[in-house]
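>>> Pasting the sequence and the predicted model now:
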Amino acid sequence: AEAMGEQGMSVDRVMDIAMEKGFTKRGEMFSVDNMAHMALDLVTCDVKVEQATKLLDTVWLVGMLLKGSVILVPYDCGPDNRPVQARGHKAHWAVISGFLIPSKAIPPHSTPLSACPGFHLLQAGTSKEDVHQVLHHTEQDA
């Protein structure tokens, strides 16, 4: 919540609220709907639950991220930390807040990542035209 601009919101406070609402006993959060209710209560933002297949729609996903949206994705975590099918028994949440594009050219409105040479982080607010330009250069680089 604090990362979304809600000052003074600690992990302990989030945990207390989730327990008060009966959403968790020890910090686990299995319900997407309960997570959405928590987000509505804790941060000033729009919250919408979508089907997981929506993540396959690249235009939608890129558009949401460029608008500054944060996307929470529930998944089961395997022993090597990769997603697995475990019927919710190893439930975790992934936070998607942006994306990386490999490019030899420096994309407009981007930040080079020193730890990942050749990769740039596109900032929220990047225009669709700039994204198209970056993707066009990326295809030429390949």
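Arrived safely.

>>> Tell me which residue is most central in this structure.
residue 96 (1.6 Å; Cα atoms, centre = their mean).

>>> how much space is there between the closest residue to that one other than its chain neighbours and residue 30?
Spatial nearest neighbour of residue 96, chain neighbours left out: residue 71 (4.2 Å); criterion: Cβ to Cβ, 6 or more residues apart in numbering. In this view, the C-beta of every residue, glycine as well, is placed from N, C-alpha and C. Separation of residue 71 from residue 30 (Cβ to Cβ, to the nearest Å): 18 Å.

>>> Run through the chain and note the low-pLDDT ranges.
1-7, 101-104, 107, 123-126, 130-142 (pLDDT under 70).

>>> Okay, strands next: where are they in it?
Ranges of strands in the chain, per DSSP state E, are 71-77, 83-84, 91-96, 100-102, 110-112, 119-122.

>>> Surely residue 76 touches residue 94?
No - with contact defined as Cβ atoms under 8 Å, residue 76 does not reach residue 94; the gap is 11.1 Å.

>>> higher neighbour count, the two?
Taking other Cβ atoms under 10 Å, residue 76 and residue 94 do not tie; residue 76 has more neighbours (15 against 11).
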